[in-house]
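Visitor: no sequence for this one, just the structure:
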């Protein structure tokens with residue numbers, strides 16, 4: 001079972017294949033190079049030229065080192081932290097010396113020695129490793145799990161109380177239907193109380209969404225219709241818990257409830273290369289006195305995506321005069 005405990009930010013040696021890690025390394029190394037250029041330049045006018053000289057040294061070393069680290073990621077994780085950090089430093093130094101040697105051989109640069117460039121390379125690598133170790137402490141698994149639990153707690157009251165009200169309305173008039181609804185509600189409770197740090201199968205999320213929508217149909221009747229489009233072989237994909245249900249709840253609350261005639265909630269799931277795409281769309285509807293906006297739930301989901309995936313996942317909104325669609329793009333695990 002995959003868990004938030006394996007989230008890249010919680011390990012002091014980062015996942016060198018993670019987009020967020022690569023972006024932070026590139027920005028961090030170039031930022032440090034810019035600061036060093038500002039310190040060593042004779043005046044502000046000379047700073048851009050000095051920075052370009054440093055960047056010409058830093059970029060090739062950085063890209064080659066990152067390529068090696070991505071290839072060696074799993075092996076480095078099996079080493080102790082300090083040994084692995086030492087390997088990273090040695091790789092940066094080795095690429096620096098090798099590239100400078102080749103540049104000298106090809107008469108691209110003229111250097112008396114490799115000491116200062118190697119020192120600069122080692123200093124940049126050490127600063128970045130220290131940053132990732134600090135970040136791992138700031139994103140300790142316990143803190144990440146506590147934050148996820150708090151975010152999930154914001155989701156629970158809405159759909160649980162709405163579902164309970166729907167069941168209560170059936171107790172006297174349709175007792176058999178009320179019994180079936182209570183069974184579905186118990187599954188919703190179990191899902192809401194699940195460990196927020198554990199991934200779940202997409203099939204379980206789909207089943208939970210179907211149960212939630214079935215309860216809402218007890219309340220809304222024929223006004224609520226659902227159109228599912230799920231590509232085959234996706235049910236086993238691993239996703240964070242309670243990603244789909246809040247999107248369905250938003251679609252019902254903002255798209256179906258305010259409309260006297262109701263409408264269709266459409267759910268599309270497909271795989272795009274290494275990404276899993278989940279889209280939920282609903283008709284736009286406005287009614288006096290009905291709360292507008294999807295932003296609180298979407299902000300909640302965005303923050304949970306960041307905790308689970310860093311920059312590897314995204315949430316996209318497409319809004320027209322007649323429809324509102326939210327699309328999640330997640331790494332296909």
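Guide: Cool, got the structure. On a predicted model such as this, the values are computed, not experimentally measured, just so you know.

Visitor: For the rest of this, base every contact and every neighbour count on C-alpha atoms.
Guide: Fine.

Visitor: Below-threshold pLDDT in the stretch 51-200 of the chain: ranges please.
Guide: Low-confidence segments of the stretch 51-200 of the chain (pLDDT under 70): 107-114, 138-160, 162-163, 166, 188-189, 191-197.

Visitor: which residue ranges form the strands in it?
Guide: Applying DSSP state E, counting those that start in this stretch to the stretch 51-200 of the chain gives strands spanning 200-201.

Visitor: mind checking pLDDT for residue 227?
Guide: Looking at residue 227, its pLDDT stands at 95.

Visitor: hang on, residue 241 is in a strand, isn't it?
Guide: No. Counting by DSSP: H, G, I helix; E, B strand; the rest coil, residue 241 is not found in a strand; it is coil.

Visitor: Could you measure from it over to residue 227?
Guide: Residue 241 sits 22 Å away from residue 227, going by CA to CA, to the nearest Å.

Visitor: Kindly report the same for residue 258.
Guide: As judged by CA to CA, residue 258 and residue 227 stand 19 Å apart.

Visitor: Which residue is the nearest non-sequential neighbour of residue 329?
Guide: In this structure, residue 329 finds its nearest non-sequential neighbour in residue 277, 4.7 Å apart by CA to CA, 6 or more residues apart in numbering.

Visitor: Looking at residue 258 and residue 227, which is more packed in?
Guide: residue 258 (19 against 12; other CA atoms under 10 Å).

Visitor: Where does that one sit, in terms of helix or strand?
Guide: Using DSSP states H and E, residue 258 maps to neither a helix nor a strand.

Visitor: How about residue 16?
Guide: Counting by DSSP H and E, residue 16 is part of no helix or strand.

Visitor: Then residue 42?
Guide: Of the helices and strands defined by DSSP H and E, none includes residue 42.

Visitor: who are the neighbours in contact with residue 275?
Guide: Contacts here follow CA atoms under 8 Å, 6 or more residues apart in numbering; on that basis residue 275 touches 329-332.

Visitor: Closest one of these to residue 24?
Guide: Of all those, residue 331 has the smallest distance to residue 24: 19.2 Å, by CA to CA.

Visitor: I'd guessed residue 263 sits against residue 223; true?
Guide: Yes. Between residue 263 and residue 223 there is a contact under CA atoms under 8 Å: 6.1 Å.

Visitor: ok, those two, which is more surrounded?
Guide: Under the criterion of other CA under 10 Å, the comparison of residue 263 against residue 223 puts residue 263 first, with 20 against 15.

Visitor: beta partners of that one?
Guide: For residue 263, the beta-bridge assignment (DSSP bridges) gives partners residue 224.

Visitor: Which residue comes closest to residue 206 once chain neighbours are left out?
Guide: The shortest distance from residue 206 to any non-neighbouring residue, by CA to CA, 6+ apart, is to residue 244 (7.5 Å).

Visitor: How about residue 81: what's its closest non-neighbour residue?
Guide: Among residues not flanking residue 81 along the chain, residue 13 sits closest, at 7.0 Å (CA to CA, 6+ apart).

Visitor: tell me the contacts of the one you found?
Guide: Shown in contact with residue 13 (CA under 8 Å, 6+ apart): 77, 81, 84-85, 129, 132-133.

Visitor: Name the nearest of those relative to residue 231.
Guide: Checking the contacts of residue 13 against residue 231 with CA to CA, the nearest one is residue 77 at 35.0 Å.

Visitor: right, and that closest one touches residue 84 too?
Guide: Yes. Under the criterion of CA under 8 Å, residue 77 makes contact with residue 84 at 7.4 Å.

Visitor: Please spell out which residues along stretch 47-66 are buried.
Guide: Buried residues in stretch 47-66, counted by 16 or more other CA atoms under 10 Å: 47, 50-51, 54-55, 57-58, 61-62, 64-66.

Visitor: a markdown table please, covering those and showing distance to residue 161.
Guide: Formatted as a markdown table, the buried residues of stretch 47-66 follow (distance: CA to CA, whole Å):
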| residue | distance to residue 161 |
| --- | --- |
| 47 | 61 |
| 50 | 63 |
| 51 | 59 |
| 54 | 60 |
| 55 | 57 |
| 57 | 60 |
| 58 | 57 |
| 61 | 57 |
| 62 | 53 |
| 64 | 55 |
| 65 | 53 |
| 66 | 50 |
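
Visitor: Name the nearest of the residues you listed relative to residue 219.
Guide: residue 66 (54.9 Å).

Visitor: Regarding stretch 33-50, how distant is the last residue from the first?
Guide: The first and final residues of stretch 33-50 sit 9 Å from each other (CA to CA).

Visitor: tell me the mean pLDDT over that stretch?
Guide: Per-residue scores along stretch 33-50 average to 86.

Visitor: rewinding a little: wait, the residue nearest to residue 206 sits on residue 205?
Guide: Yes. Taking CA under 8 Å as the definition, residue 244 is a contact partner of residue 205 at 6.5 Å.
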